[in-house]
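S.K.: here is a sequence with its predicted model. Questions after.
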Amino acid sequence: MARYSSRISNKHMVAVRFSSLGDVVLTTGVLLDWHEKHGTMFTVITKEAFEPIFDHNPAVLNVIGFDENDLRGQAQSMNFRGLMEKYRDSPLLDLHRNIRSAMLARIWRDAIICYNKMSLARRIFLWSKGRFFGEELRRYNVPQRYAIGLYDKTDVPSASQLRPRIFLAQDEKVRAEELLAPLHTEGEPIVALHPFATHEAKSWPLDVWLRFAAMLNEAGISYFWVGQGEGLPEEEESRSFVNKTALRELFALIASADVLVTGDSGPMHIATAVDTPALAMFGPTCREWGFFPSGEKDRVVQLSMPCRPCSLHGSGACPKGNACIMGISPERMLEELKDMLA
């Protein structure tokens, strides 16, 4: 694996991360930190849906987004060869390390810098129920693992230095404030609720979220719903932006909240990236996987259980009825939320 350092005169790099939302958001602080220290500009290769993440980012020269049809068979081969020819004198920063990005790396002409996924350490930690590699895994979160190929392990910036960053335009902020104005009194706090997760074990079921929302009402705390999913009842419609926002609108709405309450999710990282404190519940996943939020005021609620973590992505079936998440009570989350708002 080739390494790139400030001694190399090349001022342009190509960074690739195709999915998912949270993982792509987590690349932003790494690119920005390297740009601020070395002046390097980046071309980002990602999924078309995630292009807006990089709007207004001073480290990003341009973004090339592909849809699924562009990343299959002959179309993918032609697109990758075109990228290699266009950027043949630029290093490739592979922040994905999957089969697709490896196919691009295989034909790349310049240096290749790879994300240290620590895959073996994570699997041994999981298999050994935490007996091995815990200290090493806790040393680096995912943005730091992205950066290891750039900096070397002995010189990796802190998690706070590599905190993800999303840059909003003033008109985006104003529009979000206008949308939220009918939902709360000016000067009073308002909380964003994200009740969805890629794997359902990583978040409360919707009925628990609705209990939590009722408790917010009783406590006089305004709230609104965000994300992509189904199942919110009609009586919550006036507070719901679920399935109604483009990605940049979602960023701005979360930025306008005083706290985002969520599970281990992509919007959790969005909140960190727009300086909104995140209150996140972690169940089947854990700190060692590297995805804890890294904002100064972010807070994680979790239970100490011998069966945690139970899988690498929170996707496994649980014989205990998802006790690691269900054991986190709405009362506990409300207590934490009130403390954050205070």
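M.R.: Cool, the structure landed. Bear in mind the structure is a predicted one, so any value in this text is a computation, not a measurement.

S.K.: looking at it, residue 156 is touching residue 146, isn't it?
M.R.: No. Residue 156 lies out of contact with residue 146 (C-beta atoms under 8 Å); the separation is 9.6 Å. Placement of C-beta: from N, CA and C, glycine included.

S.K.: those two: who's more crowded?
M.R.: residue 146 (31 against 21; other C-beta atoms under 10 Å).

S.K.: distance check, the spatially closest residue to that one that is not a sequence neighbour against residue 198.
M.R.: The shortest distance from residue 146 to any non-neighbouring residue, by C-beta to C-beta, 6 or more residues apart in numbering, is to residue 30 (4.7 Å). Distance from residue 30 to residue 198, counting by C-beta to C-beta, to the nearest Å: 22 Å.

S.K.: about what we covered before: ok, the residue nearest to residue 146 - contacts?
M.R.: Contact analysis of residue 30 by C-beta atoms under 8 Å, 6 or more residues apart in numbering lists 95, 143, 146, 147, 150, 162.

S.K.: how's the chain carved up into domains?
M.R.: If you go by automatic domain parsing, the domain ranges for the chain are 12-155, 170-341.

S.K.: dump those domains into JSON lines; add mean pLDDT as well.
M.R.: Listed next are those as JSON lines, based on pLDDT from 0 to 100:
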{"stretch": "domain 12-155", "mean pLDDT": "95"}
{"stretch": "domain 170-341", "mean pLDDT": "95"}
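
S.K.: for the helix or strand hosting residue 177, list the C-alpha coordinates in CSV.
M.R.: Element membership of residue 177 [criterion: DSSP states H and E] is helix 170-180. C-alpha atoms of helix 170-180 as CSV (Å, rounded to 0.1, in the frame of the first residue of the first chain):
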residue,chain,number,x,y,z
GLN,A,170,-27.6,31.0,5.1
ASP,A,171,-30.8,30.5,3.0
GLU,A,172,-30.9,26.9,4.0
LYS,A,173,-30.8,27.8,7.7
VAL,A,174,-33.5,30.5,7.2
ARG,A,175,-35.8,28.1,5.4
ALA,A,176,-35.4,25.5,8.3
GLU,A,177,-36.2,28.1,10.9
GLU,A,178,-39.3,29.1,8.9
LEU,A,179,-40.5,25.4,8.8
LEU,A,180,-40.0,25.0,12.5
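
S.K.: parallel or antiparallel, which strands does the helix or strand just after that helix pair with?
M.R.: Counting by DSSP H and E, the next helix or strand C-terminal to helix 170-180 is strand 190-194. Next to strand 190-194 in the sheet, as set by DSSP bridges, lie strand 222-225 (parallel), strand 259-263 (parallel).

S.K.: single out the most deeply packed of those strands.
M.R.: Most buried of these, by mean neighbour count (mean count of other C-beta atoms under 10 Å): strand 259-263, with a mean of 27.
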